[in-house]
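Engineer: what would the 3D arrangement of this be:
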Amino acid sequence: MTPAQPVVKRTARAILLDESDRLIVIKRTKPDRPPYWITPGGGVEPTDATVLDALHREVFEELGAKITDAVPAFVDTVPCTADDGDGLPPGLKVQHFFACRLASMDPSLRHGPEVEAPCGTYEIVRLPFTPEGLASVDIVPRSLSRYLTRNIPGIRALLARDFT
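Structural biologist: Next up, the predicted model:
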């Protein structure tokens, strides 16, 4: 039996639907790299009491948004190596994805390193939450893109009024 690798990073990310059931993502454009789309969220900090607290903090930082009905939907675990360039020791990165609804958003309230010292651009985009809408952009990680495409009805069910 091989020893378990340590978890060296945890993130909280939102599968965020607006009032029209559009998926809110961030288009990332970095120098010398093709654009890609990510869900709002980021690292769990030592000051965050829970992963859910990190989710609320990160969504507010990146979008100036408040969310409701956050329900765990998907967990992605990937290896981190010393070659990743993120300064982390070798181990595992665990990404927690929550299905949630947008309560309010004011992009003028955005703050944090993505806004104050960006490396490239961060554009808020609303996509149709359909197979065609998801396929129209390069959502990363790929495991999330595949999960979303297979589970559109299931994610909507997680956010149904009789569930949350």
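
Engineer: residue ranges for the helices of the protein, please.
Structural biologist: Along the chain, counting by DSSP state H, helices occupy 51-63, 113-116, 131-135, 142-150, 152-158.

Engineer: list the buried residues in the longest one.
Structural biologist: When you say that, I think you mean helix 51-63. Within helix 51-63, the residues that count as buried by 16 or more other C-beta atoms under 10 Å are 51, 52, 54, 55, 56, 57, 58, 59, 60, 61, 62, 63. Using the backbone N, CA and C atoms, a C-beta is placed for each residue, glycine as well.

Engineer: about what we covered before: of the helices of the chain, which is nearest residue 28?
Structural biologist: helix 113-116 (9.1 Å; C-beta to C-beta).

Engineer: any chance of the helices of the chain in CSV, plus distance to residue 104 and mean pLDDT?
Structural biologist: Converted to CSV, these look like this (distance: least, C-beta to C-beta, whole Å; pLDDT from 0 to 100):
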stretch, distance to residue 104, mean pLDDT
helix 51-63, 10, 97
helix 113-116, 18, 81
helix 131-135, 23, 97
helix 142-150, 23, 97
helix 152-158, 21, 96
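
Engineer: could I get those helices in TSV, plus columns for distance to residue 43?
Structural biologist: Output for the helices of the chain, formatted as TSV (distance: least, C-beta to C-beta, whole Å):
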stretch	distance to residue 43
helix 51-63	7
helix 113-116	11
helix 131-135	25
helix 142-150	16
helix 152-158	23
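
Engineer: let me know which of the ones you listed is the nearest to residue 102.
Structural biologist: Using C-beta to C-beta, those put helix 51-63 closest to residue 102, at 8.5 Å.

Engineer: next one: the closest one to chain centre, how far?
Structural biologist: 10 Å (C-alpha atoms, centre = their mean, to the nearest Å).

Engineer: give me the contacts around it.
Structural biologist: 10-14, 16, 24, 26, 40-45, 48, 65-67, 70, 96, 98, 100, 105, 107, 109-112, 114-115, 122, 124 (C-beta atoms under 8 Å, 6 or more residues apart in numbering).

Engineer: PyMOL command to pick out the buried ones of those residues?
Structural biologist: In PyMOL, this line selects whichever of the contacts of helix 51-63 come out buried by 16+ other C-beta under 10 Å:
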select buried, resi 10+11+12+13+14+16+24+26+40+41+42+44+48+65+67+70+96+98+100+105+110+114+122+124
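
Engineer: point out where the chain drops to low pLDDT.
Structural biologist: 1-3, 82-85, 164 (pLDDT under 70).
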